[in-house]
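1. Any chance you could fold what I've pasted below:
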Amino acid sequence: MPVTFWNQGEREVSKGLDILGYRQVDQNVEKDWVSGITTISNRARYLSLVPWLVAEHYERRGLGGHESVAEPNYDELIALHRRMEFVVLACTRYTDRESGSQTGGLIGPDIYVDEMAALGRGETVNLNLTRGGGSYGTYVAPCRAFGLLAYENLPGSWAPRLTPRTSVLKSCRRDVAPGSRLANVILDGGTVHPDVIASEAHLFSTAGLADEHCEEERRLLQDALFRPEPTQDQEQYARFAKTTCLVLSAIRQGLAGSSRIIADTYAKVCRRAPEKTDDVAVAWATYDLHRRVHFALELLLRAITSVVIEKDGATLEESIAEWTTDDWPPEMEIYVDPQGFEWSMPLDRFIDNVKDDPFLAGAVERSTGRQMPSPGARAVFAIALLCATWRQSRSLRSGGRTLRGIHAGMVQAFPIIDGALRGSLLDATRTLADRCVVEAHLSTTLRKMGHGLKCSLRFFPDGRVLRPTGMTVMAGYSGDRLGNVIGMLGDLGFIRGDASGLTPRGEALLQTLGGSDA
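-> Predicted coordinates for the structure are as follows:
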């Protein structure tokens, strides 16, 4: 008899990126330190082009000054953004070919496929586009954070409001590109030929801010990122400046990529006395602390779900019993001393066997836990990561600066470890799995479904038995925003193209922000 799942036949099933309810905690920590930059706002050029389009749209409606505001005609505004997205994509692809680069984070490569193919064949493309326009929603928040746009509350809605920076930026764009054919086709519609893309690519390519003709535009963006107007949030700017200083200092020291910088900050903070740790380092270490905890708990959820699916239903006790029969994998010896390992051993002795260095040497690789050969091995790795993080973060947690909401995985899991040190590893694992995983998954997912969101249940209770829904678990991290901060700093010319170090402009910015001369 074939297995019939209770949700079989659903056309849409949510991937369930936060199926334990813990990820929002670390995302909120990070959000405070990146000044409106999100996980999908990647390139600095959009920060000038989006407010430029809003300003041009308002001027066409007779609202040219920053004191005037009205609700936009969103159909017209999105049509402008569709044409802008295509032009930016085409111009960036052109400059990439010229420089041998491969720029990511662009809007539209999966939308304007046919139009880009026609352009590649040397054909003229009509920009009567019916899809896209996401650049407005993607970049309006960071533009607002940096004072390039503002919001105005209107009866029953809100509208983007121009700021003095919007007006200056619009004038700059006009001065840089007087009579630009690409600007005209974005604003008025029409056709684009490859020759026009080649002649004006620097005006719209995401790499174009480095062009000498666009120096004033680049300078205005730098000013917006690092110099607040009196009416803006001064603390927000101060936090972003500290994050930028941390990033530039790390890149100068040879660290490349946000994951390495975050992991290095976490390791340094864990090894340092609390009183010698500044607030920006604590913030990014706290961010990684929360991510490590929720990754460990998601690995436990995967280990439970694997057994539940394999057995077509199992209690939590039966799932854990299956883990205890799995062989000890050689891969685990990197992280845990296998000598005397037993599920019945005291938790504190297991913690003594967990090695710190592998977890502090760099970012915790998602693939490590995922590729463990059995549910039992993944569970042991998850508990090892959880216990290592508990031990490493004691000094970080001592001042209470890491607590962020009652729903943090750390707030749920670490008191269990504190109270279970003298008991067995098996009992501690059972409690962690029950309270921090099964209960968290069911309450979080059912609450979301109660609000009309898609089903992301991996199992559901039938008495004490957990019944599978047919969906597996892919444990992972939240996508970090710091990588996009680094990308924008690169676009603005502060970081070398190969991310191997700082440019002279980056060195000057670091000194301005109070970075070390070392």
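2. Name all residues that make contact with Q412.
-> Shown in contact with Q412 (Cβ atoms under 8 Å, 6 or more residues apart in numbering): 435-436, 440. Where C-beta positions appear, they are placed from N, C-alpha and C, glycine not excepted.
3. Poorly predicted segments of the stretch 1-150 of the chain, please.
-> Applying pLDDT under 70 to the stretch 1-150 of the chain flags the ranges 1-17, 64-70.
4. mind listing the helices for it?
-> 23-31, 45-60, 74-99, 113-120, 134-145 (DSSP state H, counting those that start in this stretch).
5. Which among these is found nearest to M474?
-> Nearest to M474, of all the helices of the stretch 1-150 of the chain, is helix 23-31, at 13.5 Å by Cβ to Cβ.
6. May I ask which helix or strand of the protein has the lowest mean pLDDT?
-> Across the helices and strands of the chain, mean pLDDT, DSSP states H and E gives its lowest value to strand 150-154, namely a mean of 73.
7. I486 in helix, strand or coil?
-> helix (DSSP: H, G, I helix; E, B strand; the rest coil).
8. Could you report the neighbour count for it?
-> 23 (other Cβ atoms under 10 Å).
9. so it touches V247, yeah?
-> Yes - at 5.9 Å, I486 counts as touching V247 under the criterion of Cβ atoms under 8 Å.
10. Can you pull the residues that touch both of the two?
-> I261.
11. what distance separates the longest helix along the chain from the centre of its chain?
-> Scanning the chain for the helix with the most residues, using DSSP state H, yields helix 279-310. Per Cα atoms, centre = their mean, to the nearest Å, the displacement of helix 279-310 from the mean C-alpha position of its chain is 15 Å.
12. so of the contacts of Q412, which ones are in helices?
-> A440.
13. Export the contacts of Q412 to TSV and append columns for pLDDT, neighbour count and distance to G105.
-> Shown next, in TSV, are the contacts of Q412 (pLDDT from 0 to 100; neighbours: other Cβ atoms under 10 Å; distance: Cβ to Cβ, whole Å):
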residue	pLDDT	neighbour count	distance to G105
R435	95	14	39
C436	95	26	35
A440	92	22	33
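14. Return the member of the contacts of Q412 nearest to E318.
-> Distances from E318 to the contacts of Q412, taken by Cβ to Cβ, are shortest for R435, at 18.0 Å.
15. measure the closest one to R302 for me?
-> R435 sits 17 Å away from R302 when distances are taken as Cβ to Cβ, to the nearest Å.
16. Also A475?
-> Going from A475 to R302 by Cβ to Cβ gives 5 Å.
17. same deal with H193?
-> Per Cβ to Cβ, H193 is found 52 Å from R302.
18. ok, these two, which is more surrounded?
-> The residue with more neighbours, out of H193 and R302, is R302; 22 against 14, by other Cβ under 10 Å.
19. pLDDT score assigned to the more buried one?
-> pLDDT, R302: 95.
20. That one: what's it in contact with?
-> Taking Cβ under 8 Å, 6+ apart, we find R302 in contact with 370, 375, 378, 472-475.
21. thinking C245 is in contact with G515, fair?
-> Yes - counting by Cβ under 8 Å, G515 is a contact partner of C245 at 5.1 Å.
22. Just to be sure, F460 is in a strand?
-> Yes - secondary structure assignment places F460 in a strand (three-state DSSP).
23. bridging residues for it?
-> Beta-bridge pairing for F460 (DSSP bridges): R467.
24. Confirm for me that it is in contact with L442.
-> Yes - with contacts counted by Cβ under 8 Å, F460 reaches L442, the gap being 7.4 Å.
25. Is L80 in contact with A55, as I believe?
-> No - between L80 and A55 there is no contact under Cβ under 8 Å: 11.0 Å.
26. What backbone torsions are found at S424?
-> phi -80, psi 160 (degrees, to the nearest 10).
27. give the contact list for the spatially closest residue to it that is not a sequence neighbour.
-> The shortest distance from S424 to any non-neighbouring residue, by Cβ to Cβ, 6 or more residues apart in numbering, is to S344 (5.2 Å). Residues in contact with S344 (Cβ under 8 Å, 6+ apart) are 424-426.
28. Which helix or strand contains S344?
-> Element membership of S344 [criterion: DSSP states H and E] is none; it lies in no helix or strand.
29. For D326, see how far away it is.
-> In terms of Cβ to Cβ, S344 sits 15 Å off from D326.
30. Please apply the same query to A44.
-> The value you get for A44 to D326, if Cβ to Cβ is used, is 49 Å.
31. Same question for Q222.
-> On the measure of Cβ to Cβ, Q222 and D326 end up 55 Å apart.
32. same deal with L492?
-> L492 is 51 Å from D326, where distance means Cβ to Cβ.
33. So for these two, which sits in the more crowded spot?
-> Shown here are L492 and D326; by other Cβ under 10 Å, L492 has more neighbours (22 against 17).
34. The helix or strand that comes right after the longest helix of the chain vs helix 279-310, what angle?
-> The C-terminal neighbour of helix 279-310 among helices and strands, as given by DSSP H and E, is helix 316-325. Interaxial angle of helix 316-325 relative to helix 279-310 (axes from the mean of the first three to the mean of the last three Cα atoms, to 10 degrees): 100 degrees.
35. and the next helix-or-strand element following helix 316-325, C-alpha only, in CSV?
-> Using DSSP H and E, the next helix or strand after helix 316-325 towards the C-terminus is helix 347-353. Extracted as CSV, the C-alpha positions of helix 347-353 are listed here (Å, rounded to 0.1, in the frame of the first residue of the first chain):
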residue,chain,number,x,y,z
LEU,A,347,27.2,15.5,29.4
ASP,A,348,30.0,17.4,31.1
ARG,A,349,32.5,14.7,30.1
PHE,A,350,31.2,14.8,26.5
ILE,A,351,31.7,18.6,26.5
ASP,A,352,35.3,18.1,27.7
ASN,A,353,35.8,15.8,24.6
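36. Distance of the spatially closest residue to R496 that is not a sequence neighbour relative to A384?
-> Among residues not flanking R496 along the chain, T503 sits closest, at 5.8 Å (Cβ to Cβ, 6+ apart). In this view, T503 and A384 are 41 Å apart by Cβ to Cβ.
37. Looking at the two, which is more packed in?
-> Using other Cβ under 10 Å as the criterion, T503 and A384 rank with A384 on top: 22 against 16.
38. count of neighbours near G104?
-> As a burial measure, G104 scores 11 neighbours (other Cβ under 10 Å).
39. go on, L432?
-> L432 has 22 neighbours, counted by other Cβ under 10 Å.
40. Quick one: closest of the helices of the stretch 1-150 of the chain to R292.
-> Taking the helices of the stretch 1-150 of the chain one by one with Cβ to Cβ, helix 23-31 is closest: 9.3 Å.
41. Report the angle between the closest one and helix 279-310.
-> Using the same axes, to 10 degrees: helix 23-31 against helix 279-310 is 160 degrees.
42. and helix 23-31, how far out from the chain's middle?
-> 10 Å.
43. Ok, stretch 502-510 next?
-> Here stretch 502-510 is found 25 Å from its chain centre; the criterion is Cα atoms, centre = their mean.
44. ok, residues contacting that stretch?
-> The contact list for stretch 502-510, computed with Cβ under 8 Å, 6+ apart, reads 222, 226, 244-245, 248-249, 251-252, 489, 493-496.
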